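1. Could you look at this predicted model? Sequence included:
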Amino acid sequence: MKLNPQMKLIIGLPLLISAALGSAAALTPVPDKVSCAVADRQAFTQPDQLRLTGWLGARVEANEANRLVKIDVNRLLEGYRKRPGRQSWDGEHLGKWLHAATLAWVNTGDSALRQKLDYAAAELPKCQQADGYLGTYLEKDRWTEWDVWAHKYNLLGLITYMRYTGNLEPLPACRRMGDLLCSTFGEEPGKRDIIKAGEHVGLAPTSVLEPMVLLYRFTGEKRYLEFCQYILRAWEHPNGPKVISTLLTAKRVDKVANGKAYEMLSCLNGALEYYRTIGDPNLLEACLNAWKDIVERRLYITGAASYGELFRGDFDFPNVADVGETCVTVTWIQFNAQLLRLTGQAHFGEQLEHVVLNQLFGAQKCDGSAWGYYVQMEGKKPYSATLDGHCCLSSGPRGVALIPTFAVSTDADGVVVNLYDAGTAKLILKDQTPVTLVTETRYPAEDQVRLAMGLAGEKEFTLKLRMPAWCRATSVRVQGQPVALSPGPDGYVAVQRSWEDGDHVELEFKLEPRVVIGDHKNNGKVAVLYGPLVLAAEADLLGNQLPTLQAVALPSADLSALAIAAEPAPDRIKTWAGAEVFHVNAISRRASKSGEPGAVLPIRLIPFADAGNSGAEYKVWIPVGQSEGNLLLDEKESRSRPGNVAGSITDGDPNSFVVTFEGKPASEDWFAATLAAPTDVKRVTFVHGKTFHDGGWFDASGGKPRVQVRATPAGEWETVGVLKDYPATTAMTASGLVGGESFTCELPKTTKVFGVRVVGKPASGDDPRQAFASCGELLAE
Ligand SMILES: [Zn+2]
C-alpha cells in the first residue's frame, strides 16, 4: 500500500497521537434526572469529540458557516413577538434552528454562533404567555393546526441548548410549556383531545411525544411521562392515527393514518425515545416493521422516502411529483440513527451512509447556503435560502448537524466506525479508556481508508467496521496483516486485539460502477451508481455533442459498453478536494434518419449530491437505447399557460406530465411541440396527463380536442383533425380519465409540418373559479 506523507508521520510518530489526548477537554452535558430502561448498544459521539475533514466534513462545516450562523434570529422570533406569524407553521423554525445550531456549535465551538444561540434562548421565553403558551397563534385560534407542533420544536431546541451549554435559564419556560400541554390535553373531562389539535389525523400534534419524553428525563417530572402515555393511548383512540397497532399488524407505513411521512417519522422518533426510556418492546417492534417496510418498498434509489409528502403504494416511484421532501429525509436519518443507537445493527448505518451521501447532500446546496424542499429524481434543484412557508429549509441543517454524532461511535466491545470520512475522533471506551481514531481518506473518491489508533498504553478492545453493502471487494489489514471478513451478528467486521498507540488499519472498498435497471415507472431506463454514490446526467456536463438533457440516452445497460470511469471534477464544479465526475458513453436518443445506430458520445455524470448545484437540469434515470418513431421526441415544447408541474411532453416519458393550472379559467388551452426542421407527419397521439378533482382534462361537451399543425415556423395553426376517441367529458366530470390514456388522430394526408398541437377547452372539476388541462406526452409519426 502506498502511504501518503501524513500517514507515514502518524505511523512514524505514534506519540503524536497520544500526546493529543490530553488537549481540549470534552464539554460535559447536563445529565438527565431519569436514567433509561434500555441501554443503548452504541454510544453516539458528542460532536465536539469528532472533527470530520473530508467530504462529510466539508458539508458539515458549510452547514455551520454558511447557513446556521447566518440565520437572522430576529426573523425566527418574529412570529412569537408579533402573533400570528407570517404563516401557520412559522413557529417551528426557531426550535429547529436551536437544535441544529447547538449541535453545530458543539462541533465547531464558533463563538459567533454561541452568541446567537444565547440570544435566541433568552429571547424566546420572553414571548411566552402567562399560562405557558409559546406558539405563534392568537388566543382564539389556539390548538387548531400547527401550534402544539411549534411547542414540540421549542422544547427540542431548548432542551438541546440547555444540555450542551449548561445554561438552564430556559428551563422554567420549558416546564411551563410542558405543564400547559399537560393541563390542556387529556382524557379527563374538560380537557381537549390532542388528536384534534393539528393536522394529519393527529400525527402532527402528537409528535410532541419526543420532546415530552426528553423533558421527563431532563426534569424527572412524572406528569410529563404520564402525558406521553396519554399520547400513546390517543394514537389508538377511535379518531386516532393507530400508529402502533397498524405497524404491528399491517406492518405498512402507507396504512398508518393518511401516510404523511414527515409527521409519522417524527412520531416514530418519539416512540423510540419512549422505548429507550421505558422499555415497551411493542414500540420497538412497530418501528422495526416501519423501517423494513420503507426500505423494502418505499425508498427511492437516493434514499428519499415520499412523494407528495406521503408514503405511497409499493414501488410507486414517479421521478417528478413533489418527490423527496427534505423534512422526510431528515426524520428518516433521525429514525435510522435512533435504531442504530438502540440496536447496534450495521444495516441502519448502511442506510445512513446512503441517504446522507445522496438525498441529504443532494438537498443541501454544495456551499451549505441553501436547501431544496422537494429534491426530485430529475429537474432542477429548488434551492432556497428563505424560510417562509418552507418547513424543509430549517430541517435540512438538522440532518447535517447530526452526522458527527453517528459517524463514529463506541459500544460495549470498543470502537464502531459507521461512516468513512477523514478526521479525528476522540472516544471514551466503556471502561473510560480514551482512544483517538485518526482517519485518512478521500472516500468516496478513493477506495482506501487508513485508520490509526491513538492510545496512552496497550489496550484490548474491538474495532468494528461497517463493510458497505454495495461493495463486492473489500479488504481489511491490521498492521499490514489481512483480517478475515466475516461480519458478526450485528453486521460489523470486528477486529479484536490488544491495540497499541500508532497501530494502523487499512481498509479497501473497491469503488466500481453499477447499473440499476429501472422497473415500474422507470421501465426502459437505468440509473448509474459508483461506489456509494447515485449519479445523474446533468445539462451542464453533456459536452457539445448532445443538445439537451432530453436528448441523452445510454447505448445499453451493459457496463462494458458504458465505459464508466471516474475523473476529477472540472475546477468550476469542484465542491471539495475529491470531487469527481464520471465519464460514460452516451448516445443520442433520437434514431438517425438513415436508421444507422447512433454514434457513441461521451458525457460526464455527476453525483446526485452535486447535481444541479449550478442551476442546471439533471436526471437520475436515463433512457436506454434509441427511440423509434416519435418525431417530437426531445423537440421544443410549449403550452398555453405554464402551469405548476415541472414535467415534459416531449421527453418520451408519459409519467412526467404538465398542466395549465394557474387558478383561473380559460376558454382554450393547448399543448404544442415545435420541430427544428420540417418533418412529414401522418398521425398525432396525445397521451393524457394526470387528472385532479379540480381539472386536468379537456371539456369535450362542446367538441373533441382538436389537432393542429403549422406549415411554416411561425405560421397559422391549421386544424387537421380531432381526438375522436376522447371520452364524452364535461367541465365537471373526467369520464374515467386518470392519466396515461392515449388518443390518436390520423391526419387526412401526410403533411410536412413545423409544429403540432392539441387544443381544447380546459375543465374545472369541482372548482368553477378555475380550469386547466393536462398532457403527459405528445407524439407524432
Ligand atoms: Zn418539509
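-> On my side now, so go ahead. Keep in mind that this is a model prediction, so the values were computed, not measured. Numbering: from 1, shown residues only.
2. Could you check the pLDDT of the closest residue to residue 547 other than its chain neighbours?
-> Once flanking residues are discounted, residue 547 sits nearest to residue 634: 7.8 Å by Cβ to Cβ, 6 or more residues apart in numbering. Backbone N, C-alpha and C define where each C-beta goes, glycine included. Residue 634 is assigned a predicted lDDT (pLDDT) of 79.
3. Around residue 634, count how many other residues there are.
-> Residue 634: 24 surrounding residues under other Cβ atoms under 10 Å.
4. Surely it is in contact with residue 553?
-> No - the pair residue 634 / residue 553 is not scored as a contact, 9.8 Å apart, by Cβ atoms under 8 Å.
5. quick one, what contacts residue 163?
-> By Cβ atoms under 8 Å, 6 or more residues apart in numbering, the contact set of residue 163 is 29-30, 218.
6. Please convert those to JSON lines, extending it with neighbour count.
-> Below are the contacts of residue 163 laid out as JSON lines (neighbours: other Cβ atoms under 10 Å):
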{"residue": "29", "neighbour count": "14"}
{"residue": "30", "neighbour count": "15"}
{"residue": "218", "neighbour count": "25"}
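7. Contact residues of the protein facing the ion?
-> Selection of the chain residues close to the ion by Cβ under 5 Å from the ion yields 325, 327, 391-392.
8. What is the nearest of the residues you listed to residue 273?
-> In terms of Cβ to Cβ, no member of these lies closer to residue 273 than residue 327, at 18.2 Å.
9. Secondary structure element holding the closest one?
-> helix 326-343 (DSSP states H and E).
10. helices and strands around that helix, which ones?
-> With contacts taken as 3 or more Cβ pairs under 8 Å, 6 or more residues apart in numbering; DSSP states H and E, helix 326-343 sits against strand 42-43, helix 261-278, helix 281-297, helix 346-355, helix 391-406.
11. can I get the ones you listed in CSV with mean neighbour count and mean pLDDT?
-> Shown next, in CSV, are the helices and strands packed on helix 326-343 (neighbours: other Cβ atoms under 10 Å; pLDDT from 0 to 100):
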stretch, mean neighbour count, mean pLDDT
strand 42-43, 20, 98
helix 261-278, 26, 98
helix 281-297, 18, 98
helix 346-355, 23, 98
helix 391-406, 25, 97
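12. ok now do the spatially most central residue of the chain, which residues does it touch?
-> The residue lying closest to the centre of the chain (Cα atoms, centre = their mean) is residue 329, at 3.2 Å. By Cβ under 8 Å, 6+ apart, the contact list for residue 329 reads 303-305, 355, 359-360, 363, 375, 395-396, 399.
13. quick one on the thing from earlier: state the mean pLDDT of the helix holding residue 327.
-> 98.
14. Direction-wise, compare it with helix 391-406 and give the angle.
-> Counting by axes from the mean of the first three to the mean of the last three Cα atoms, to 10 degrees, helix 326-343 lies at 20 degrees to helix 391-406.
15. For helix 326-343, output the C-alpha coordinates as PDB.
-> Provided in PDB are the C-alpha atoms of helix 326-343 (Å, rounded to 0.1, in the frame of the first residue of the first chain):
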ATOM      1  CA  THR A 326     -36.300  17.200   2.800                       C
ATOM      2  CA  CYS A 327     -38.100  17.100   6.200                       C
ATOM      3  CA  VAL A 328     -38.800  13.400   5.400                       C
ATOM      4  CA  THR A 329     -35.100  12.800   4.500                       C
ATOM      5  CA  VAL A 330     -34.000  14.300   7.800                       C
ATOM      6  CA  THR A 331     -36.600  12.500  10.000                       C
ATOM      7  CA  TRP A 332     -35.600   9.300   8.100                       C
ATOM      8  CA  ILE A 333     -32.000  10.000   9.100                       C
ATOM      9  CA  GLN A 334     -33.000  10.600  12.800                       C
ATOM     10  CA  PHE A 335     -35.100   7.300  12.700                       C
ATOM     11  CA  ASN A 336     -32.100   5.300  11.400                       C
ATOM     12  CA  ALA A 337     -29.800   7.000  13.900                       C
ATOM     13  CA  GLN A 338     -32.200   6.100  16.800                       C
ATOM     14  CA  LEU A 339     -32.400   2.500  15.600                       C
ATOM     15  CA  LEU A 340     -28.600   2.300  15.200                       C
ATOM     16  CA  ARG A 341     -28.100   3.600  18.800                       C
ATOM     17  CA  LEU A 342     -30.700   1.200  20.200                       C
ATOM     18  CA  THR A 343     -29.800  -2.000  18.300                       C
END
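16. Before I go, just wanted to say thanks for your time.
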